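Take this sequence and fold it.
(2 chains)
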2 protein chains.
Amino acid sequence: MQHHPENDPQYKGLTVNQGISSPPVINPYLKERKKRRNFTPVEYVEQILQGNITVLSQAVTLLESQKSEHQLIAQEVIEKCLPYAGHSVRIGITGVPGAGKSTSIDAFGMHLIHDRNKKLAVLAIDPSSERSKGSILGDKTRMEEISREPQAFIRPSPSAGSLGGVARKTRETIILCEAAGFDTIFVETVGVGQSETAVHSMVDFFLLIQLAGTGDELQGIKRGIMEMADGIIVNKADGNNIDKANLAAAQYRNALHLFPLPPSGWTPKVLTYSGYYKNGITEIWDMVYQYIDFTRENGYFELRRHSQAKYWMYESINEQLKNHFYQTPEIAEELIVKEKQILNSEISSFMAAKQMLDKYFDGY
Amino acid sequence: MQHHPENDPQYKGLTVNQGISSPPVINPYLKERKKRRNFTPVEYVEQILQGNITVLSQAVTLLESQKSEHQLIAQEVIEKCLPYAGHSVRIGITGVPGAGKSTSIDAFGMHLIHDRNKKLAVLAIDPSSERSKGSILGDKTRMEEISREPQAFIRPSPSAGSLGGVARKTRETIILCEAAGFDTIFVETVGVGQSETAVHSMVDFFLLIQLAGTGDELQGIKRGIMEMADGIIVNKADGNNIDKANLAAAQYRNALHLFPLPPSGWTPKVLTYSGYYKNGITEIWDMVYQYIDFTRENGYFELRRHSQAKYWMYESINEQLKNHFYQTPEIAEELIVKEKQILNSEISSFMAAKQMLDKYFDGY
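The predicted structure is shown next:
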């Protein structure tokens, strides 16, 4: 099986940035590409359900495309895959740059594939990414081991765009991967922006990777993230660093005590490990599956999935209502004026809002 | 001066719930009320600027009214007061029920009025409140001391309504109170719902009241609240409880160490006090004013005020865009169907959203 979209002529032919800054080249695969691209939505779905990774990869590229004809096909494929999706464990993984996310994901992946017989898809959400600029997961050499595994599918973050757009594409990609038989989905994010909330809203378990350190060194993760975590794992617990890692873990445990029990009823656990030396990996995945069993039993697993599905409908509606308003040219112009008036106390925030809304709804 | 709207015939005449469940009575003040209510917006503003608390109270009642003729007058009064507003320190106060908020606010108020020569307005946000059901601040005997002070103005939470509506009214009331010369505004909230975010978005300093206790006893405050606090104060540090309070404070200090520095550049402080015995009150207000000086100097105070003013315009626009959509009868009906289809995996969240939006925008 072929899992490297970079090496895949179909993928190359569809890359959004392709050809923008490079001189035109004659693509020897062009003819073949065209032929293959004439798949109907039903054919895409058939191939995906058979676990054809090349076609899965093409379908993801279609749904990331800006072209409306690609979008139409992609949407039909997603709707048809939907009844076959959902049968995976979805895990969000975050941590500040330098926490060792790639090494960890590589180690986790090898463990899951070889010791637990899993099929793993690794996705990412990084709204700031551009493929050409070394985004997270853009460079697969960062996950050297699993990138050679036939049981793994690695896909970089969709190209730069609004967080809502990027998150939507990732969520749709999850559906396609599940339909293709992947039973474990990682969604990686960068731990410094708004993207954690988006990831948290599409996974079953949210894993926070922290670094060993003490006091101020422990800082760096965005406010509010720690309270989202179902598990905190302290990386680089190896060599001279073991005591520091244990101390950090104890501090996180104490801090978590100050928070109320999350709605899952699960007390978030804190573990130490070494991604590089592959120590403590089994314990981490014991914890994750313990959580899955626990929440499946108490009903929270299903509840969370259901409320996530509804959340994304409402989130999508709300975002598009806002886009429609703020992208109306007269509104965009007037907003600049209103902001100034507000800052000069010439108008109250609410009166400004009222005037803008009157203008908008009168336009119809 | 008369600060007790309950004892104020003008106020009674305007109370929204009045007369609904009680038999009709002849109101001996009715004539006078009618005469006084014929104030023009300009007259309201004149009286408010002179610090006339009775008229301030009437204006707040007007802005809380559901009647559009009242709303029109209230909005004009607010716009005219706006240039005179802003010159206060606004403090959000939260804590779980039982933390001793009322006793604390009473003690803080007496300290501010008598030792720091302040004029204090105490407002509240409690979207679940109904005046008849003993909402927070509904029963003023809970703030026995300051309710007798001419330098204090206490106003219960606006009646039940959406959080957005209640928050808006409270924010408008702040403007009126500031125009009337109140230099210190408390906004109390209950520490268990979404209202903290609203309060946090309208104050300069966010104060979290916690109870002395250890381990699990410390829990109870909503997730995410601790990270909003500019100061955490541990109540009931008296008698046998002092050691426990100190221990709790130390634990909070350790936990705060795990969070990054907030954008204000201010390290949140943790203090212990006794609201009942009035110990440690001066230190709390030294801390608050130290924060105010610190953020005025580094520019964050102004920055936060400005971004709050803009926030409320956008928040208000977004809320009304959503209301308009979700209150369209065909949409409301169809949403129930779509939710079911999503839960049965018959349609993806995004396709459901798209279909709803097409329906909505076609309606125009």
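
Which residue ranges of chain A form helices?
Applying DSSP state H to chain A gives helices spanning A:9-14, A:30-37, A:41-49, A:53-64, A:68-81, A:101-115, A:163-179, A:195-200, A:242-257, A:281-298, A:300-326, A:329-343, A:349-362.

would you list those helices in CSV and tack on mean pLDDT?
Putting these into CSV (pLDDT from 0 to 100) gives the following:
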stretch, mean pLDDT
helix A:9-14, 34
helix A:30-37, 51
helix A:41-49, 96
helix A:53-64, 94
helix A:68-81, 93
helix A:101-115, 96
helix A:163-179, 92
helix A:195-200, 87
helix A:242-257, 88
helix A:281-298, 98
helix A:300-326, 94
helix A:329-343, 94
helix A:349-362, 93
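
Distance check, A:Leu303 against chain B.
11 Å (C-beta to the nearest C-beta, to the nearest Å). Quick note: C-beta positions are derived from backbone N, CA and C, even for glycine.

Any chance of the helices of chain A in TSV with mean neighbour count as columns?
Converted to TSV, these look like this (neighbours: other C-beta atoms under 10 Å in any protein chain shown):
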stretch	mean neighbour count
helix A:9-14	18
helix A:30-37	12
helix A:41-49	18
helix A:53-64	24
helix A:68-81	18
helix A:101-115	21
helix A:163-179	23
helix A:195-200	22
helix A:242-257	18
helix A:281-298	16
helix A:300-326	17
helix A:329-343	14
helix A:349-362	18
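
Can you tell me how far A:Lys340 is from A:Ile347?
Noted for A:Lys340: a distance of 10 Å to A:Ile347, by C-beta to C-beta, to the nearest Å.

Oh, that last question was meant for A:Ile105, not what I typed.
51 Å.

Just to check, A:Gly280 is in contact with A:Asn235?
No - counting by C-beta atoms under 8 Å, A:Gly280 sits too far from A:Asn235 to count as a contact (9.4 Å).

who has more neighbours, these two?
A:Asn235 (26 against 19; other C-beta atoms under 10 Å in any protein chain shown).

Of all the residues in the stretch 151-300 of chain A, which one is nearest chain B?
Using C-beta to the nearest C-beta, the point where the stretch 151-300 of chain A gets nearest to chain B is A:Ala255, with a distance of 4.2 Å.

Pull up the overlap in contacts between A:Gly280 and A:Asn235.
A:273-274 (C-beta atoms under 8 Å, 6 or more residues apart in numbering or on different chains).

Show residues contacting stretch A:77-90.
For stretch A:77-90, the external contacting residues (C-beta under 8 Å, 6+ apart) are A:41-42, A:44-45, A:48-49, A:59, A:62-63, A:172, A:174-179, A:182-185, A:187, A:202-205, A:288-289, A:292, A:305, B:345-348, B:350-351.

can you rerun that using 6 Å?
Here stretch A:77-90 makes contact (C-beta atoms under 6 Å, 6 or more residues apart in numbering or on different chains) with A:41, A:44-45, A:59, A:172, A:175-176, A:178-179, A:183-185, A:203-204, A:292, B:345, B:348, B:351.

so how far is that stretch off the chain centroid?
From the chain centre to the centre of stretch A:77-90 is a distance of 16 Å (C-alpha atoms, centre = their mean, to the nearest Å).

distance between the ends of that stretch?
21 Å (C-alpha to C-alpha, to the nearest Å).

First-to-last residue distance for stretch A:108-121?
Termini of stretch A:108-121 sit 12 Å apart (C-alpha to C-alpha).

Now do it: everything it contacts.
In contact with stretch A:108-121 (C-beta under 6 Å, 6+ apart) are residues A:145-146, A:149, A:151-153, A:177, A:181-185, A:281.

rerun that using 7 Å as the cut-off
With contact meaning C-beta atoms under 7 Å, 6 or more residues apart in numbering or on different chains, stretch A:108-121 is reached by A:122, A:145-146, A:149, A:151-153, A:177, A:181-186, A:281-282, A:285.

repeat for stretch A:162-170
Under C-beta under 7 Å, 6+ apart, the answer for stretch A:162-170 is A:63-64, A:123, A:125, A:127, A:157-158, A:187, A:194-195, A:198, A:316, A:319, B:350.

ok, which pair from these is furthest apart?
A:Leu63 and A:Gln194 (22.0 Å; C-beta to C-beta).

list the contacts for A:Met356?
A:331, A:334-335, A:338, B:317.

will you turn those into JSON lines that also has distance to B:Glu297?
As requested, the contacts of A:Met356 are exported to JSON lines (distance: C-beta to C-beta, whole Å):
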{"residue": "A:Ile331", "distance to B:Glu297": "37"}
{"residue": "A:Glu334", "distance to B:Glu297": "35"}
{"residue": "A:Leu335", "distance to B:Glu297": "31"}
{"residue": "A:Lys338", "distance to B:Glu297": "30"}
{"residue": "B:Ile317", "distance to B:Glu297": "33"}
